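Q: Using only what follows, build the 3D model:
(2 chains)
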Amino acid sequence: MRIEILFPEFCNLFGDLANMAYLKRCLPEAEFISTTLTEEPRFVSEDIDLIYMGPTTERAQERIIEKLLPHRERIQELIEKGVAFLFTGNAMEVLFEHIEDGGRRIMGLNILPYYARRDMWHRHNSNFRGEFEGEKIIGFKTQFSMSYPVGKLAETEGFAKVIKGVGMNCKSKVEGIVRNNFFGTYLVGPLLIMNPDFTKNLLQRMGLRPHVALESEVEEAYKVRLADFRAKG
Amino acid sequence: MFGQLRFYFAIFFARCTALVLKLIGRKGTSMPGSWAIILCPDFLERIPKPKTILGITGTNGKTTVSNIIEDVLEDLGYSFVCNREGTNVHTGVASSLIAESRFWGKPKRDLAIFELDERSSPRILPYIKPDMLLVTNIFRDSYKRNAHTEFILDILNEYIPDTTRLILNGDDLLCSSVKPHNERVLFGIPRRDGETAERKNIVMDITACPVCGKELSWEFIRYHHIGRAYCEGCGFTSPELDYTVENIDEERKEITVKSAEKEYVYPLLNSSLINIYNSLSAITFLREFGISEDEIAEKMAALSINETRYNETEANGKKIILHLAKGQNPVACSRSFENVRNYPGKKAVILLLDDYLDAKKSVENIAWYYDTDFEFLNSPDISRIVTAGARHWDVYVRLLMAGVPEERIVHIKNENNAAKMLDIDDVESVFVLYDVYTVELADVIKDEIITRISGEKTDEN
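A: You can find the predicted model right below:
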């Protein structure tokens, strides 16, 4: 089992690398590879079972687009083949058609049918409650951008159906994107620790036993948090 | 003409508000400034300013440093306007200027000293145009307000006037990069014994060379990105320092500061590294303002640390230490946790980390726990950790992720029961780590601990 963490020196905001720290505890035998922005990603030439990228700053995001642009076909091929991906925060925007920032238009890898619009004067912070394959997903959002579909089919690939909170944009009914085993979500922080059912789902999709570390503690924390989310909106 | 009339109306209304607040006994509010800005959005631009304006900003330490600077200058007989009793955002600055001005806004003082929230810079700096601005450091802070350090740096670079003279932390590559063309003075603490290039923290907000992008090499890393770095690719290095700490005498609580080839000894409030940085930045600022070494040293000797941030009490030979651990601020909390670990002897810890206000009406974003070095609390001489509050299950999981053995942790929802859960027999000190919103609660818990310690001692007797 090989897991590649893309550009952790830049993609490390909002405690999201805890997702990988937790997977290390879930999968003590797995090999975790950290690839820096100056290196060629391993997925380009090697078999990788999960590719992870976390949230980053706006300037670093643009450098990452430049870095990954030559590997667009390979990323598309891996998604179609069913390789697992987890892109959190604004990481998934790298794969969008484009990102708008004031008068600027930054072209993305154009793999996912969305575009993002940054608004550096208004930071969006909210709590999210949704559902994916019958399980409740809870999480937090803290971001400058909102995303909008390009074409009518985009929202059919939504990751979590919105129950309470904001999806891809204030009017969207879905949060994030799922395509085969690619997961992209704006939910930040320790997503896998906060959502043990989703973590088990992800492990199963990677062909593994749905066993998570600190299972009873993480599940109890999830139940308490979910009840709190329900009670307080 | 309309704009000026609006300004006069706004200042008149603000004065009436201040008068009403005074009559009902409320102090330190930014309400007069809020009204002034609501009624006249360019109020800060229009109100006449004192001749000299000094500012203190940065992620951590700005309140403590502002207090030191203001106390020293006040003791030296300077008369100035400041926002110490109010807030450090634009409305607080406006309130202070209104309070210390004549009826239509002419300033009563020639000098102003403002602690400034870095996130609020766009609404303050272009209008007050500080003559001198101290930036204590730039760290990752509240995700909600401050997003990330690149965002804060962009704000500072855009809104600090070109004419402002800067006093910057030279051990902080982010801080020392602010407004590269402005006149600047840098302070820092050279490598100390035992400091290595090993990374000890989760958060490190600069790892790549700002010039060529290659991974930086480090002469030493003190904590997070504080240290001295160089690039093997392009030759970039941390900047030369103008004020350096040449010696730290922890026993005598003194530091020796060198500038322009001259060394001078100053008293310290507290010998933790954070407080040495706070003192050094205040000394640098005051020296650059023109205060002599003798005057600074004499007045600093008379200061005491703000007790709402750190307080040590002793009961029957055991120490009870209240230590601020600012919530949603991963670096400030990590510093507190490291201070606990480094404190000598066996310890117990109470964690009150919840955002008290968030907990009442919402569910706090817990992502910041995972940018915070809870790993420092995984130390054999910390025998018990009690975590209390709405998010106690989440803190418990975080502590387990940090490797703290489960038998050392107690987690409960009700903060009022935290003191009861302590096992204080075999510890020499008890730390209570609290957020800015739980100062009063921490005091109540401290009193309960003292009662327990005193009672148990009496029982033994």
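Q: for chain A, what are the nearby residues on the stretch 301-450 of chain B?
A: B:330, B:361-363, B:365-371, B:390, B:393-394, B:396-397, B:400-401 (C-beta under 8 Å from any C-beta of the partner chain). The way it works is simple: take the backbone N, C-alpha and C, and place the C-beta from them, glycine included.
Q: Apply 10 Å and report the result again.
A: Proximity of the stretch 301-450 of chain B to chain A, by C-beta under 10 Å from any C-beta of the partner chain, involves residues B:330, B:358-372, B:390-398, B:400-402, B:406, B:411, B:413.
Q: residues in contact with residue 187?
A: Since you didn't name a chain, this refers to chain A. Going by C-beta atoms under 10 Å, 6 or more residues apart in numbering or on different chains, residue A:187 touches A:14, A:16, A:88-89, A:127-128, A:130, A:137-142, A:159-160, A:165, A:175-176, A:194-195, A:198, B:367.
Q: try again with chain B
A: Counting by C-beta under 10 Å, 6+ apart, residue B:187 touches B:134, B:136, B:167-171, B:176, B:241-245, B:257, B:259, B:277, B:280-285, B:287-288.
Q: Now narrow the residues you listed to whatever sits close to chain A.
A: Applying C-beta under 10 Å from any C-beta to these, one finds that nothing falls near chain A.
Q: Which ones among these map onto strands?
A: Counting by DSSP state E, these place B:134, B:167-169, B:243-245, B:257, B:259 in strands.
Q: Pick out whichever of those residues sits closest to residue B:321.
A: Nearest to residue B:321 among the ones in strands among the contacts of residue B:187 is residue B:245, at 24.7 Å by C-beta to C-beta.
Q: which residue packs closest to the closest one, ignoring adjacent ones?
A: Excluding the flanking residues, the one nearest residue B:245 by C-beta to C-beta, 6 or more residues apart in numbering or on different chains is residue B:189, at 4.4 Å.
Q: Tell me, how many residues neighbour the one you found?
A: As a burial measure, residue B:189 scores 25 neighbours (other C-beta atoms under 10 Å in any protein chain shown).
Q: same deal with residue B:309?
A: 17.
Q: Who's the closest spatial neighbour of it, skipping the chain neighbours?
A: That would be residue B:324: by C-beta to C-beta, 6+ apart, it lies 4.5 Å from residue B:309.
Q: what's the answer for residue B:84, then?
A: Ranked by C-beta to C-beta, 6+ apart and with sequence neighbours excluded, the top spatial neighbour of residue B:84 is residue B:70, at 6.1 Å.
Q: Could you pull up phi and psi at the one you found?
A: Main-chain dihedrals, residue B:70, degrees, to the nearest 10: phi -70, psi -40.
Q: How about the one 4 residues further on?
A: Per-residue torsions, residue B:74: phi -70, psi -40 (degrees, to the nearest 10).
Q: Helices along chain A, start to end?
A: A:18-26, A:58-68, A:72-81, A:191-194, A:196-205, A:215-232 (DSSP state H).
Q: The stretch 251-400 of chain B too?
A: Applying DSSP state H, counting those that start in this stretch to the stretch 251-400 of chain B gives helices spanning B:273-289, B:293-301, B:330-342, B:356-361, B:392-401.
Q: who wins for proximity to residue B:184 among those?
A: helix B:273-289 (10.2 Å).
Q: Convert the C-alpha atoms of that closest one to CSV, please.
A: Written as CSV, here are the backbone C-alpha positions of helix B:273-289 (Å, rounded to 0.1, in the frame of the first residue of the first chain):
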residue,chain,number,x,y,z
LEU,B,273,11.8,32.7,25.2
ILE,B,274,8.5,34.3,24.2
ASN,B,275,9.0,37.0,26.9
ILE,B,276,12.6,37.5,26.0
TYR,B,277,11.4,38.3,22.4
ASN,B,278,8.7,40.6,23.9
SER,B,279,11.3,42.4,26.0
LEU,B,280,13.8,42.6,23.2
SER,B,281,11.3,44.0,20.7
ALA,B,282,10.2,46.6,23.3
ILE,B,283,13.8,47.6,24.0
THR,B,284,14.6,47.9,20.3
PHE,B,285,11.5,50.0,19.8
LEU,B,286,12.2,52.3,22.7
ARG,B,287,15.8,52.8,21.8
GLU,B,288,14.9,53.7,18.2
PHE,B,289,12.3,56.1,19.6
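Q: which one among the ones in strands among the contacts of residue B:187 gets closest to residue A:227?
A: Closest to residue A:227, out of all of those and judged by C-beta to C-beta, is residue B:169, at 44.1 Å.
Q: Could you count how many residues lie near the closest residue to that closest one other than its chain neighbours?
A: Excluding the flanking residues, the one nearest residue B:169 by C-beta to C-beta, 6+ apart is residue B:175, at 4.4 Å. Neighbour count of residue B:175, defined by other C-beta under 10 Å: 24.
Q: Could you do residue B:24 as well?
A: If you count neighbours by other C-beta under 10 Å, residue B:24 ends up with 7.
Q: Which residues are in contact with it?
A: No contacts exist for residue B:24 under C-beta under 10 Å, 6+ apart.
Q: In terms of mean pLDDT, which of the helices of the stretch 251-400 of chain B ranks lowest?
A: In terms of average pLDDT, helix B:356-361 trails the rest of those, at a mean of 77.
Q: tell me which residues in that one are buried?
A: Applying a neighbour-count criterion of 16 or more other C-beta atoms under 10 Å in any protein chain shown, one finds B:356, B:358-359 buried in helix B:356-361.
Q: Next, the angle from the helix or strand hosting residue B:152 to helix A:58-68.
A: Taking DSSP states H and E as the criterion, the element that holds residue B:152 is helix B:149-159. Going by axes from the mean of the first three to the mean of the last three C-alpha atoms, to 10 degrees, helix B:149-159 is angled at 120 degrees with respect to helix A:58-68.
Q: List the buried residues for helix B:149-159?
A: B:149-153, B:155-156, B:159.
Q: so what does that helix touch, helix or strand wise?
A: With contacts defined as 3 or more C-beta pairs under 10 Å, 6 or more residues apart in numbering or on different chains; DSSP states H and E, the packing partners of helix B:149-159 are helix A:58-68, helix B:121-128, helix B:143-146.
Q: how about these, which one is nearest residue B:75?
A: Of all the helices and strands packed on helix B:149-159, it is helix B:121-128 that lies closest to residue B:75, at 24.7 Å by C-beta to C-beta.
Q: Identify each buried residue in the closest one, please.
A: Across helix B:121-128, burial judged by 16+ other C-beta under 10 Å covers B:121, B:123-125, B:127-128.
Q: Now flag whichever of those residues is closest to chain A.
A: Using C-beta to the nearest C-beta, residue B:123 comes nearest to chain A of the buried residues of helix B:121-128, at 11.7 Å.
Q: wait, isn't the closest one in contact with residue B:44?
A: Yes - using C-beta atoms under 10 Å, residue B:123 is in contact with residue B:44, at 7.4 Å.
Q: what sits in contact with each of the two?
A: With C-beta under 10 Å, 6+ apart, residue B:123 and residue B:44 have common neighbours B:37, B:90-91, B:93-94.
Q: Residues of the stretch 1-150 of chain B that sit close to chain A?
A: Checking the stretch 1-150 of chain B against chain A by C-beta under 10 Å from any C-beta, the hits are B:119, B:122, B:140, B:142-150.
Q: Out of these, who's the most crowded?
A: Within the residues of the stretch 1-150 of chain B next to chain A, most neighbours by other C-beta under 10 Å means residue B:140, with 28 neighbours.
Q: How confident was the prediction at the nearest residue to it once chain neighbours are set aside?
A: Excluding its sequence neighbours, the residue lying closest to residue B:140 (C-beta to C-beta, 6+ apart) is residue B:203, at 5.4 Å. Turning to residue B:203, the model gives it a pLDDT of 96.
Q: Right, I'll call it a day here.
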